[in-house]
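Trainee: need coordinates for the following:
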Amino acid sequence: MKRSLLILALTFVFGTASQVGAITFGEPDGNAHPHVGTLLFVQNGVGFFSCTGTLISPTVMLTAGHCTEEFGNVNDVTYVRFDEDPLEGIAAFPTLQDWLDDRWILAESVIPHPQYDDYSQFPFTFDVGLVILPAPGVAVGTYGMLPPEDFLEDVLAQPGNSTNWWTAVGYGSQGILNPFAQDDYARYKSTTRLIELNSNSNGPGASAKFTNNPGGGTGGTCFGDSGGPIFYQDTPIIGAIVSFGITPCIGVDYQFRIDTAIALDFIADNLP
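Mentor: Model prediction:
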């Protein structure tokens, strides 16, 4: 669920208003998750698209595979920024490229999972990727933590629902579902719940089904949140990353599990 931000370039050139958005039924994140940032990238000569990702070290950002590759080709160019308001400062620069050069970080490379292939093996999506930033990287007080293997099974096995709550963080659209809500390109957060791991759309060891419904302070994810973290409660542990929705932005979401050998081995093999 990456989001096209070609309108961002047009907005800059023509000075029109931009309408891009946030986590569904969420609230502004403030500085609660400074290690969560947004990506702007070009794929196969087309862009900009936006996604979300999480620093797991000063120079490594975890995101979705479809935010790093399309049709077998890695991104032409990828920029990242960790501000709550990533459009801040754009009006002060004469060109879009000047703004990107000054306020964004140009990634050294992006690395999709070697088996990611545009969901062609669905439900085994292999939808995980890494963004490698130039040294010394980005210093923040907290970095995202990788979970132990089978962490999501362990959470579901606990009695009751008191421990089964998660925090989704991202820069995605919420205006599709909630037209009365503010519609900013900004970092938002929301609470969600893990439903199950074994449906036909999950694939064993691939994706996990989470709620995406308003009510009781809960919400979910939408376009632009792809690659963003699903943190366990208020911890920095990343249980899954935003991947896809059968009915996008409403009902349920399917997030790619990080607590599997598929994800953990890939990450370990590609850490600098």
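Trainee: quick check, residue 189 in a strand?
Mentor: Yes. The assignment for residue 189 (DSSP: H, G, I helix; E, B strand; the rest coil) places it in a strand.
Trainee: surely it and residue 31 touch.
Mentor: No. Under the criterion of Cβ atoms under 8 Å, residue 189 is not in contact with residue 31, lying 11.3 Å apart. For the C-beta atoms, the positions are set from N, CA and C on the backbone; glycine is no exception.
Trainee: higher neighbour count, these two?
Mentor: residue 189 (22 against 10; other Cβ atoms under 10 Å).
Trainee: show me what contacts the more buried one?
Mentor: With contacts defined as Cβ atoms under 8 Å, 6 or more residues apart in numbering, the neighbours of residue 189 are 23, 26, 27, 28, 29, 32, 33, 167, 168, 169.
Trainee: mind running it again at 6 Å?
Mentor: Residue 189 makes contact with 26, 29, 167, 169, according to Cβ atoms under 6 Å, 6 or more residues apart in numbering.
Trainee: now, these that are in strands?
Mentor: Using DSSP state E, 167, 169 are the members of the contacts of residue 189 that sit in strands.
Trainee: neighbour-wise, which of the contacts of residue 189 leads?
Mentor: Neighbour max across the contacts of residue 189 (other Cβ under 10 Å) = residue 26, 29 neighbours.
Trainee: distance-wise, check it relative to residue 260.
Mentor: 27 Å (Cβ to Cβ, to the nearest Å).
Trainee: same deal with residue 245?
Mentor: For residue 245, the distance to residue 260 - Cβ to Cβ - is 20 Å.
Trainee: likewise residue 55?
Mentor: 21 Å.
Trainee: neighbour-wise, which of these two wins?
Mentor: Between residue 55 and residue 260, counted using other Cβ under 10 Å, the more crowded position is residue 55 (26 against 21).
Trainee: show me what contacts the residue nearest to that one when sequence neighbours are not counted?
Mentor: Of all residues beyond its chain neighbours, the one nearest residue 55 is residue 35 (4.3 Å), with distances taken as Cβ to Cβ, 6 or more residues apart in numbering. Shown in contact with residue 35 (Cβ under 6 Å, 6+ apart): 54, 55, 140, 142, 143, 144.
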